[in-house]
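Student: Need a 3D model of the sequence below.
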Amino acid sequence: MQLSSPALPVGGFSYSEGIESGVDLGLITDEASAASWICDQLELSLARSDLGVLAKAILAWQTLDVPRLKELNDWVIQTRESSETRLQTEQMGRSLSEWIKNQEVVDEAKLSVLISLPPTWPLSFALAVSGLKADITDCLLAYAFSWAENMVQASIKSVPLGQKSGQRILGILRQKIPIAVQHALTLSDNDLQTFTPGLAILGSLHETQYSRLFRS
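Tutor: Below you'll find the predicted structure:
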C-alpha cells in the first residue's frame, strides 16, 4: 500500500504519458473521453507490457537471477519510443532505488544489482515488493492503481476536470484493473508488447508543445 501511494517520492505525478498532448490536440475534452483514453491505455499498453514485466521481475529478484533481470530491464528501455517515456522510466527507477536504499528494505547485494542495471521503474518496483509477503497479484494491483491515480490526476489538471469526475473515472478503472492484471499474469515473454504508435506520436509532439504542465 505504501508503494502505491501518491506520496511515494518518485515523481510519477509529473508525467501525463500523452494525456496533455491529447488535450492539446482536442482528443481528450471531457470526463467521458478522458475515461476512455485511460482505460484504453490500461488495456492496450500497461496490461501488455509493464505489468507483465513486473510479474516476471518479482520472481527474478526472489532468486537474484541477474541475467534475467538485465534482460527484462533492457526490454523496458528498448520499448520506450520517445525520449520522454524513456526519461520517465529511468528517473522514476532511480528515485525508487534511492527510496529502497534509505528504507533498508533489501540486502546490499540486490541493491547493487539494481543500481548497476541501471534501473527502470518496473524493475525498481519489483525489487521493492519482492521481499514482501504480498501475493504477486496484489503487487500488480498496487502498481496499476498507482499508475491510474497519476493518470486521473493528470486529466483533472489538464482537461481540466473536477474531483468528482476524477473519482468516477477511478471507479471505472477499479473494475478494469483486476482484469488487466490477470491478463498480464498469463503473458509469456513472446506475448509482451508495446505497440501503441498513437502514444509514441503524442510523446514526440509533446517535446515541442508550446505550453506544458507535465514532463510527458
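
Student: roughly how far apart are the most centrally placed residue in the chain and residue 16?
Tutor: The residue lying closest to the centre of the chain (C-alpha atoms, centre = their mean) is residue 147, at 5.4 Å. When distance is defined by C-beta to C-beta, to the nearest Å, residue 147 is 12 Å away from residue 16. In short, each C-beta sits where N, CA and C put it, glycine included.

Student: Repeat that for residue 73.
Tutor: Residue 73 is 24 Å from residue 16, by C-beta to C-beta.

Student: what helices or strands is the helix or strand hosting residue 62 leaning on?
Tutor: According to DSSP states H and E, residue 62 maps onto helix 50-63. The criterion is 3 or more C-beta pairs under 8 Å, 6 or more residues apart in numbering; DSSP states H and E, and the helices and strands that helix 50-63 contacts are helix 66-78, helix 121-130, helix 136-158, helix 163-185.

Student: Pull out the buried residues from the last one.
Tutor: This points to helix 163-185. 165-166, 168-170, 172-173, 176-177, 180-181, 184-185 (16 or more other C-beta atoms under 10 Å).

Student: and if you look at the first one?
Tutor: The neighbour-count check on helix 66-78 (16+ other C-beta under 10 Å) flags 69, 72-73, 75-76 as buried.

Student: Packing partners of that helix?
Tutor: Under the contact rule (3+ C-beta pairs under 8 Å, 6+ apart), helix 66-78 is packed against helix 50-63, helix 83-103, helix 121-130.

Student: which one of those helices has the most crowded surroundings?
Tutor: Here the criterion is mean neighbour count by mean count of other C-beta atoms under 10 Å, and of these the winner is helix 121-130, at a mean of 25.

Student: Which other helices and strands does it contact?
Tutor: The contact analysis (3+ C-beta pairs under 8 Å, 6+ apart) places helix 121-130 against helix 50-63, helix 66-78, helix 83-103, helix 108-116, helix 136-158.
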